[in-house]
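**Q** sequence first, predicted coordinates after that:
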Amino acid sequence: MRKRAAALCGAAVVMAGTFTAVPAEASAPSTANTTSQTAKLTWKSCATEAYPTLQCTSLKVPLDHRRPHGQKITLALSRVPHTARTYQGPLLVNPGGPGGSGLGLAGFVASSLPAKVAAQYDVIGFDPRGVGASEPALDCKPGHFDPVRPNSLPTTPAIEKANLDRARSFAAACGKKYAHLLPYINTTSAVRDMDAIRQALGAKRINYFGYSYGTYLGAVYARFFPERVRRLVLDSVVDPTDVWYEANLNQDVAFNDRHRAFLAWVARHDATYGLGTDPEKIETTWYAMRAALAKKPAGGTVGAAELEDTFIPGGYYNGYWPSLAEAFAAYVNDKDPEPLVEAYEDFGAVDASGDNGYSVYTSVQCRDADWPRDWRQWRKDNWAVYEKAPFMTWNNAWYNAPCAFWPTDSLRPVNVANGKLPPVLLFQATGDAATPYEGGVTAHRLLARSSLVVEEGGGNHGITLSGNACLDKHLAAYLTDGTVPRGYGEADAVCEALPDPKPAAAAAKAMSGSPNGSTLHGLLGFRH
């Protein structure tokens, strides 16, 4: 995947410094006072130390948009208001998921963009239906991920049954608790909520910036309402042609590659971690640790499934690698399980917010598209993938397994192909595990006037506003005046990835890599 990208993007590297100005709209941005546009919403300060100008409000929308006068639900919104005389309208931001809260992301984006750019937008965050501060917020089965769970690897009928029973019980709990809501927790309903937000803001068109699943949300919005899109930024792009069953199988392979990249990094830093210099031998040691934890969980908390939960975030963001390597080395070399338990609490444990996020995640994905209802198909497909990609395959299978028993029927995925949009800007890392590289290429092909900026050699998920000045230059240019790079071949511009982190001292380990990157990935969460 990475070598192919380099070959096809090589010519675009020459073009990366050359921009073609393509205005996102025919008329200049408005400079008028916009008080009347926001009269429908009453904003109040919800400032935090990090985001002192953040404001919040709520908006009632129909549960079923086909029945606008029927039951209402409430969406929680946040805003960092524009301060410049030149006003470019609202910039809606979404962190992905499905199930991610977007309230804090508004503050992050506004504070991370160049000040002159951010000042021209009302940066709008929102908790999608069912999420966080929106009401009602879903929580199908509190404590579903409490440790210690069954071993994720179903090597015996008893282990498989234990995991299947968990999946069935979660689906049944959702159906019992939220039968009247589940038909309306899906991407297309969330898209219509976004348009209700646009109307409440008094905007004819919106600007949109989405990460991860948020790229699919944005692409679907653009398909439904192309004339209402002013600018569209999609970072770490979901392949819109394989939602969602195939997407998860493809993730398994990509995460296995990323986990091996982590192990190779550990090998390069043998002087720090003492686990050897051969990545394959270190991989063998990691799986030996997993086998030992399956028999005797660390601290009575971290079994085999929890170990996978702990290390999967390293596939999203390499800033976590030093902490994970430290825990790995302590368990293997010092027979000390405490750092591993601490790492699980930092990266793998699921709190009430995580329970809510997972409830929405399953509700959206299981409703959005068809999933096999015959478990034999899942068994066959996942064992086949496991043979070449053992790291996350079965853990991910059980994470999504409630969809095999989901109490609603399925909708059809949306064909996001679109030739009616203004220029669109896509960002994609070649080694992204959560949304593999091909998804960005596919979306670039389907969105006729899109430009694709590739982070060559990068493996993180969510790559803008994370310390890569080359990527952020393209983002700022686009949000300033609609400028996009235009190259030829697979990509329109190529940026080199940031270096992998260095082993960090214990006091600084959580901030390894870019401080902005650490903050962003805390907002994006995992499995999103």
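**A** Nice, thanks for sending it over. Numbers count the residues shown, from 1 in each chain.

**Q** residues contacting residue 464?
**A** 233, 235, 427, 471-472, 475 (CB atoms under 8 Å, 6 or more residues apart in numbering). For glycine as for every other residue, the C-beta is placed from the backbone atoms N, C-alpha and C.

**Q** again, only using 7 Å
**A** 235, 427, 471-472, 475 (CB atoms under 7 Å, 6 or more residues apart in numbering).

**Q** in the helix or strand encompassing residue 197, what's buried?
**A** Take DSSP states H and E as the rule and residue 197 turns out to sit in helix 187-201. Across helix 187-201, burial judged by 16 or more other CB atoms under 10 Å covers 187-198, 200-201.

**Q** then stretch 150-162?
**A** Quick answer for stretch 150-162 (16+ other CB under 10 Å): 150-154, 159-160.

**Q** isn't residue 462 right up against residue 519?
**A** No - Residue 462 is beyond contact range of residue 519, at 10.8 Å (criterion: CB atoms under 7 Å).

**Q** which one's more surrounded, those two?
**A** Each of residue 462 and residue 519 has its neighbours counted (other CB atoms under 10 Å); residue 462 has more, 26 against 18.

**Q** does that one count as helix, strand or coil?
**A** Reducing the assignment at residue 462 to three states with DSSP: H, G, I helix; E, B strand; the rest coil gives coil.

**Q** how about residue 40, secondary structure?
**A** Three-state assignment for residue 40 (three-state DSSP): coil.

**Q** report the contact partners of it.
**A** Residues in contact with residue 40 (CB under 7 Å, 6+ apart) are residue 200.

**Q** and it, how far from residue 58?
**A** 12 Å (CB to CB, to the nearest Å).

**Q** what about the strand or helix carrying residue 284, average pLDDT?
**A** Following DSSP H and E, one finds residue 284 within helix 279-295. The average pLDDT for helix 279-295 rounds to 98.

**Q** who does it touch, helix- and strand-wise?
**A** Helices and strands in packing contact with helix 279-295 are listed as helix 245-268, helix 304-311, helix 321-333; criterion 3 or more CB pairs under 7 Å, 6 or more residues apart in numbering; DSSP states H and E.

**Q** against which helices or strands is the helix holding residue 197 packed?
**A** Helices and strands touching helix 187-201, by 3+ CB pairs under 7 Å, 6+ apart, are strand 55-62, strand 90-94, helix 213-224.

**Q** so which of the contacts of residue 464 sit within strands?
**A** Using DSSP state E, 235, 427 are the members of the contacts of residue 464 that sit in strands.

**Q** okay, the helices and strands packed on helix 187-201 in a markdown table with mean pLDDT and distance to residue 345 next?
**A** Below are the helices and strands packed on helix 187-201 laid out as a markdown table (pLDDT from 0 to 100; distance: least, CB to CB, whole Å):
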| stretch | mean pLDDT | distance to residue 345 |
| --- | --- | --- |
| strand 55-62 | 98 | 29 |
| strand 90-94 | 98 | 27 |
| helix 213-224 | 98 | 25 |
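
**Q** I'd like to know which of the ones you listed lies nearest to residue 352.
**A** Counting by CB to CB, residue 352 lies closest to strand 55-62 out of these; the figure is 19.9 Å.

**Q** what's the angle from the helix or strand following the closest one to helix 187-201?
**A** Where DSSP H and E defines the elements, the next helix or strand beyond strand 55-62 is strand 72-80. Inter-element angle recorded for strand 72-80 and helix 187-201: 60 degrees (by axes from the mean of the first three to the mean of the last three CA atoms, to 10 degrees).

**Q** residues of strand 72-80 that come out buried?
**A** Neighbour-count burial for strand 72-80, counted by 16+ other CB under 10 Å, picks out 73-80.

**Q** what sits up against it?
**A** With contacts defined as CB under 7 Å, 6+ apart, strand 72-80 is touched by 43, 46, 51, 53-63, 103, 106-107, 110, 122-127, 129, 132-136, 193, 197.

**Q** try 8 Å this time
**A** With contact meaning CB under 8 Å, 6+ apart, strand 72-80 is reached by 41, 43, 46, 51, 53-63, 102-104, 106-107, 110-111, 118, 122-129, 132-136, 193, 196-197.

**Q** could you do stretch 146-165 as well?
**A** If you take CB under 8 Å, 6+ apart as the criterion, stretch 146-165 is touched by 166, 294, 297, 300-306, 308, 344, 349, 375, 379, 394-395, 397-398, 401.

**Q** report the angle between the helix holding residue 284 and helix 304-311.
**A** 130 degrees.
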